[in-house]
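1. Compute the structure for the input listed below.
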Amino acid sequence: MDWNQGYQAGDVVYVIIRNPHVQGVANVQEAAVVNNPDQPGELALFIYETYYPLTDEVAIYTTEDEAEAEYRDVFGSADVEGYYG
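-> Numbering: from 1, shown residues only. The predicted structure is shown next:
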């Protein structure tokens, strides 16, 4: 499957991302779909001032509510709205 299909540069999406500094902590984060500066013609996710390839390894949600519902299904209930751990 072409993971760029269906997304365009400028789209705002939501992902569940783990904190790389604290294992076991994850949160729902807004991300921008952008043109990948390292791979012309491909798209990337721009999160925390870092580019991530748009691949099947990233679960992407079109709304924050959808991402938060999936988070609760997988990780349990949220401790604080917008921050999960």
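2. So what does the residue most central in space within the chain look like in phi/psi?
-> When C-alpha atoms, centre = their mean is applied to the chain, the residue found nearest the centroid is V15 (2.3 Å). When read as degrees, to the nearest 10, the backbone of V15 gives phi -130, psi 160.
3. was I right about it contacting N27?
-> No. Using C-beta atoms under 8 Å, V15 makes no contact with N27, being 9.6 Å away. All C-beta spots, glycine's among them, are computed from the backbone N, C-alpha and C.
4. Specify the local secondary structure of the closest residue to the residue nearest to the centre of the chain other than its chain neighbours.
-> Spatial nearest neighbour of V15, excluding adjacent residues (C-beta to C-beta, 6 or more residues apart in numbering): A31 at 5.3 Å. Classification of A31 by DSSP: H, G, I helix; E, B strand; the rest coil places it in strand.
5. Bridge partners for A31, pull those for me.
-> V13 (DSSP bridges).
6. burial of it, as a residue count?
-> Other residues lying near A31 total 21 when counted by other C-beta atoms under 10 Å.
7. Could you double-check that it lies in contact with G10?
-> No. A31 lies out of contact with G10 (C-beta under 8 Å); the separation is 12.0 Å.
8. Which neighbours do the two have in common?
-> Residues touching both A31 and G10 (C-beta atoms under 8 Å, 6 or more residues apart in numbering): there are none.
9. now for the host helix or strand of Y71, which elements pack on it?
-> Assigned by DSSP states H and E, Y71 belongs to helix 64-75. Where contact means 3 or more C-beta pairs under 8 Å, 6 or more residues apart in numbering; DSSP states H and E, helix 64-75 is packed against strand 12-18, strand 26-35.
10. Many thanks, have a good one.
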